[in-house]
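Engineer: model the structure of this input:
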Amino acid sequence: MAPRLQVGKASGELTLTLNRGIRSPILDAVNPESESSNKVRCGVAGVGSLGQHHARIYASLPGAELTGIYETNDARAEEICARYACRRFATVEELGETCDAVSVVVPTDRHAAVALPLLERGCHLLIEKPLCASLVEAEQVLAAAQARNCLVQVGHIEHLTRSWGSWRRKSCSRATSRLNGSLPLRPAAPRLAWCST
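Structural biologist: Below is the predicted model of the structure:
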């Protein structure tokens, strides 16, 4: 069995660099030059349009191993498992038993329901934004993470792209916060953009 991630000061000594120099504290404890038995066992809960990229990246990272996925859509699960030579798990709990870290890439209203059983099993999580659908659910997830000494990272990747930086400078120069329905890179429902002036 691969060693579990160590959380603490020692985890900052080794760094795994992701695409474009983005660092993940969840994977910082892994030495990319280590033997395969020391790889972080990663999983993805939800492999739709965004989750498929989590699976692709875990499958290609030298310090990670894509252990498997949890997906409710049979055809999609079969496609991703074939593409990345990984296993499909019938439940989130089963996925959590075999992984050190899991990306939660399901609809927001399912974030807490998926994250809590994974945290109970000691998995570190990367949860796509927003953390949860409500403050109550977010507090439950964070309390569970603290109780198990697990890391929870929220995926805020767009703020690192040039197009987002440009949009933010133009849009946020006029107001501290406002409702805006046009985000760069993809169509989206209206969102509240919080900006500091």
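Engineer: so how far is Ala55 from Ala64?
Structural biologist: Per CB to CB, to the nearest Å, Ala64 is found 11 Å from Ala55. For the C-beta atoms, the positions are set from N, CA and C on the backbone; glycine is no exception.
Engineer: list the residues that contact both of those two?
Structural biologist: Common neighbours of Ala64 and Ala55 (criterion: CB atoms under 8 Å, 6 or more residues apart in numbering): none identified.
Engineer: could you break this protein into its assigned domains?
Structural biologist: Residue ranges for the domains of the chain, per automatic domain parsing: 11-156, 161-194.
Engineer: rank these by pLDDT, which is bottom?
Structural biologist: Mean pLDDT per stretch puts domain 161-194 lowest among these, at a mean of 48.
Engineer: helix, strand or coil for Arg83?
Structural biologist: Classification of Arg83 using DSSP: H, G, I helix; E, B strand; the rest coil returns helix.
Engineer: what about it, how many residues nearby?
Structural biologist: By the criterion of other CB atoms under 10 Å, Arg83 has 13 neighbours.
Engineer: list the contacts for it?
Structural biologist: Ala55.
Engineer: just the one 10 residues further on next, same as before
Structural biologist: Listed by CB under 8 Å, 6+ apart, the contact set of Glu93 reads 117, 121.
Engineer: I'd guess it is in a helix, am I close?
Structural biologist: Yes. Residue state for Glu93 (three-state DSSP) corresponds to a helix.
Engineer: how about the helices in the chain?
Structural biologist: 51-60, 74-84, 92-98, 111-120, 135-148, 162-172 (DSSP state H).
Engineer: out of the ones you listed, deepest packed?
Structural biologist: helix 111-120 (a mean of 22; mean count of other CB atoms under 10 Å).
Engineer: outside of it itself, list whatever touches it.
Structural biologist: Contacts for helix 111-120 (CB under 8 Å, 6+ apart): 45-46, 70, 92-93, 95-96, 99, 102, 104, 106, 125, 127, 130-133, 137-138, 140-141, 144-145, 147-148, 150, 152.
Engineer: so which of the helices of the chain is nearest Arg41?
Structural biologist: helix 92-98 (6.3 Å; CB to CB).
Engineer: can you dump the C-alpha atoms of the closest one in PDB for me?
Structural biologist: Extracted in PDB, the C-alpha atoms of helix 92-98 (Å, rounded to 0.1, in the frame of the first residue of the first chain):
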ATOM      1  CA  VAL A  92     -17.800   7.500  -3.400                       C
ATOM      2  CA  GLU A  93     -16.900   5.500  -0.300                       C
ATOM      3  CA  GLU A  94     -15.200   2.800  -2.300                       C
ATOM      4  CA  LEU A  95     -13.200   5.500  -4.200                       C
ATOM      5  CA  GLY A  96     -12.200   7.000  -0.900                       C
ATOM      6  CA  GLU A  97     -10.900   3.700   0.400                       C
ATOM      7  CA  THR A  98      -8.300   3.500  -2.300                       C
END
